[in-house]
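Trainee: A structural model of the following input is requested.
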Amino acid sequence: MPEVTIPDPVAAAARAAVEARGISARKLARKLGMKPRTVLDFLHERRETRHSTKLSICRELGIDQEQRAP
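Mentor: Numbers count the residues shown, from 1 in each chain. You can find the predicted model right below:
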């Protein structure tokens, strides 16, 4: 049976914020001093992201990193 994953509301909010600002993941990564792959993996929920990385991205985008799924 395939593993069911619950979408991360923080990653969804971050994707929306990036899109609303019209910035690329590469530009966001550069501003944060991260690799673009790290930011992209978080935004697209490809792997588990360290809390400190999530926190940095959320602070930069001005979103609440403690959002919960509805």
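Trainee: so, low pLDDT: which residues of the protein?
Mentor: 1-4, 67-70 (pLDDT under 70).
Trainee: in it, which spans are helices?
Mentor: 9-21, 25-32, 36-43, 51-61 (DSSP state H).
Trainee: among these, show me which one is buried the most.
Mentor: Among those, ranked by average contacts under mean count of other CB atoms under 10 Å, first place goes to helix 36-43 (a mean of 19). In this view, the C-beta of every residue, glycine as well, is placed from N, C-alpha and C.
Trainee: just checking, what packs against that helix?
Mentor: Where contact means 3 or more CB pairs under 8 Å, 6 or more residues apart in numbering; DSSP states H and E, helix 36-43 is packed against helix 9-21, helix 25-32, helix 51-61.
Trainee: any chance of those helices in a markdown table with distance to His44 as columns?
Mentor: As requested, the helices and strands packed on helix 36-43 are exported to a markdown table (distance: least, CB to CB, whole Å):
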| stretch | distance to His44 |
| --- | --- |
| helix 9-21 | 8 |
| helix 25-32 | 9 |
| helix 51-61 | 13 |
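Trainee: and of those, who's closest to Glu45?
Mentor: Of all the helices and strands packed on helix 36-43, helix 9-21 sits nearest to Glu45, with 5.1 Å by CB to CB.
Trainee: and the angle from the closest one to helix 36-43?
Mentor: 120 degrees (axes from the mean of the first three to the mean of the last three CA atoms, to 10 degrees).
Trainee: which residues touch helix 9-21?
Mentor: Applying CB atoms under 8 Å, 6 or more residues apart in numbering, the contact partners of helix 9-21 are 24-25, 28, 42-45, 54, 57-58, 61-70.
Trainee: much appreciated, bye for now.
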